[in-house]
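**Student:** This is a predicted model, with the sequence first.
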Amino acid sequence: MEGRWAEKTMSWLRRFGRVATIAGGQAAYVVSVAAAVLWLAIWPSSWPRTVRQVFARQMLFTGYDAIGFTMRVAFAVGLLVIVQVELWLHAIADLDFSGQLFLRIFLRELGPFLANLIVIIRSGTAIATELARMKVDGDVEILEAQGIDPMNYLVMPRVLGVGFSVFGLAVILVSFAFVSGYVVGTMIGVFNASPYDFLLGIMRQLEIEDVIFFVPKTVVTGMLIGAICCVTGLEIQDRDVEMPQVAGRSAVLGLTAVFFIAMLLSLSVYGRVLIFQVF
């Protein structure tokens, strides 16, 4: 009996080891792609007119075109949060407390997460599907035959475009959530302060850790999302089997990266994961 239990345990450990090895290799590959993008981006020779055009189109599609939807999401989230706060706490007239609450909810957590989620849904799946179609149609081989590096022309502008777009959308989302939260809070009697005092209450609670937390949680995570979507699209081999799956796979992997990086940053900056204090 003990021998059978030990055999089953070893079997599960071997399976776990194989899965962990594959996942670790894929994660290392995505990180190396993102690092290669940063290395290419610092060289002026990597930015011919064609690459700049791809980068501009990616910024337009991922960032600018998503502003309206992001503002609607921010308004809804700001309204829901302030209504729930009013229901549970009845009033948060203390500006220091309200500033701390808004920073913790929007700047540290909801803002970056929702910006990443919007980009994954709108642009990440589209990038993976576009590159997968180019791969199976032979367009990538045509580029290579013409002496054009797919890494420089296809991957770099998309990864950078996604990273910068996530940062910009997160800033818009947090700012508009603050505005909508204050307006709705004033209308329902939660806030009695002027806009200047409300903003001052938020700024008093702002710490350097919040900036440190916000930038990598948007730019770095966005670049990794872009790298994941590019790698997922370019790794496709079978049109009939893998094409229908590429969008869903890129979305799942992108969301996994968002949660994992958020956990690492929370652990390293604040010493906690979600509500659990670690350090």
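**Tutor:** In hand now; what should we look at?
**Student:** Strands along the stretch 151-279 of the chain, start to end?
**Tutor:** 272-273, 276-277 (DSSP state E, counting those that start in this stretch).
**Student:** Would you single out the least confident of the ones you listed?
**Tutor:** Lowest mean pLDDT within the strands of the stretch 151-279 of the chain: strand 276-277, a mean of 50.
**Student:** I am assuming Thr232 contacts Gly248, so please confirm or correct that.
**Tutor:** No: counting by CB atoms under 8 Å, Thr232 sits too far from Gly248 to count as a contact (9.9 Å). All C-beta spots, glycine's among them, are computed from the backbone N, C-alpha and C.
**Student:** secondary structure element for the residue nearest the centre of the chain?
**Tutor:** Closest to where the C-alpha atoms of the chain average out (CA atoms, centre = their mean) is Asn116, at 3.0 Å. Per DSSP states H and E: Asn116 is located in helix 111-119.
**Student:** Tabulate the CA atom coordinates of that helix in PDB.
**Tutor:** Provided in PDB are the C-alpha atoms of helix 111-119 (Å, rounded to 0.1, in the frame of the first residue of the first chain):
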ATOM      1  CA  GLY A 111      -6.400  51.000 -13.000                       C
ATOM      2  CA  PRO A 112      -3.500  48.900 -14.200                       C
ATOM      3  CA  PHE A 113      -5.500  45.700 -14.200                       C
ATOM      4  CA  LEU A 114      -8.400  47.100 -16.200                       C
ATOM      5  CA  ALA A 115      -6.100  48.800 -18.700                       C
ATOM      6  CA  ASN A 116      -4.300  45.500 -19.300                       C
ATOM      7  CA  LEU A 117      -7.600  43.700 -19.600                       C
ATOM      8  CA  ILE A 118      -8.900  46.200 -22.200                       C
ATOM      9  CA  VAL A 119      -5.800  45.900 -24.200                       C
END
